[in-house]
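Engineer: Just need the structure, nothing else, for what follows:
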Amino acid sequence: MNTTTRRGRPRKGDARLSREAILTAALEVVDADGAAAVSMRTVGQRLGVDAKSLYHHIDGKEALLDAVAGHVLGGIDLPDLTGQPEEDLRAIAQSFRQATRAHPQAAALVLTRQLPSIAALAPVEAVLSVLRKAGASPEEAVHLLRSLLAVVVGSLLREAGAGPAFGVTDEAGIAHRRAELEQTGLPAVVECAPHLARCDHEAEFSFAVDLAVAATMQRLVTPRR
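Structural biologist: Numbers count the residues shown, from 1 in each chain. Next up is the predicted model:
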């Protein structure tokens, strides 16, 4: 059986090289090896074709990464806004988590890529709208948006790739990690070892979002010098 990569144009009717198929393959690369591993070559290998064939459907690596970021944001099922900024920001953050759990390694691209479509910008519009109605200036709303995104994406990346340093979830692992921490002799670490050894990702995400939202609202009500 010939498994060599096909070069040049795809076979006639080869559905593997639709834009959607290329995006799906790129997400598979991200899931397996992280966003840094994405290239036209690695995606082509995933599809079993030469990288040159992909350029019939997408302009290049940068456009592909933009499209992956757009896919993540476009998949968010935005909640109905209530007019209560704290509640609305929390709800949007939770919707983001639900949409990105399938591809958590791709979430970081949201912080660094150009957003290619109206659908991808919809969550950005939702957060900016909440912040503007809460009293933020356009410039401040953008700063706050980026800060909130950093907290949300950082929490998701920790959830996706957390090692023992961030706590574990199984009882045997918790006991083992706690023993390791208690043997360090570091007073604060020893004291907190029962909590450092375990990690409930859903609870940690909610805590981080609550903290970020509280800081955001405090910022909006604090008089500027």
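Engineer: going forward, measure contacts between C-alpha atoms and count neighbours the same way
Structural biologist: Will do.
Engineer: Go ahead and confirm Tyr174 touches His195.
Structural biologist: Wrong residue type there; residue 174 is Ile, not Tyr. No. Using C-alpha atoms under 8 Å, Ile174 is not in contact with His195, being 9.3 Å away.
Engineer: Neighbour count for these two, which is higher?
Structural biologist: Set Ile174 next to His195 and count neighbours by other C-alpha atoms under 10 Å: Ile174 wins out with 21 against 14.
Engineer: Show me which positions of stretch 58-72 end up buried.
Structural biologist: If you call a residue buried by 16 or more other C-alpha atoms under 10 Å, then stretch 58-72 has these buried ones: Ile58, Lys61, Leu64, Leu65, Asp66, Ala67, Val68, Ala69, Gly70, His71, Val72.
Engineer: Could you do stretch 199-211 as well?
Structural biologist: The neighbour-count check on stretch 199-211 (16+ other C-alpha under 10 Å) flags Cys199, His201, Phe205, Ser206, Ala208, Val209, Asp210 as buried.
Engineer: average pLDDT across that stretch?
Structural biologist: In this model, stretch 199-211 has a mean pLDDT of 92.
Engineer: I'd like to know which elements the lowest-mean-pLDDT helix or strand in the chain is packed against.
Structural biologist: Within the chain, no helix or strand scores below helix 109-112, which has a mean of 76 by mean pLDDT, DSSP states H and E. Helices and strands touching helix 109-112, by 3 or more C-alpha pairs under 8 Å, 6 or more residues apart in numbering; DSSP states H and E, are helix 61-74, helix 138-161.
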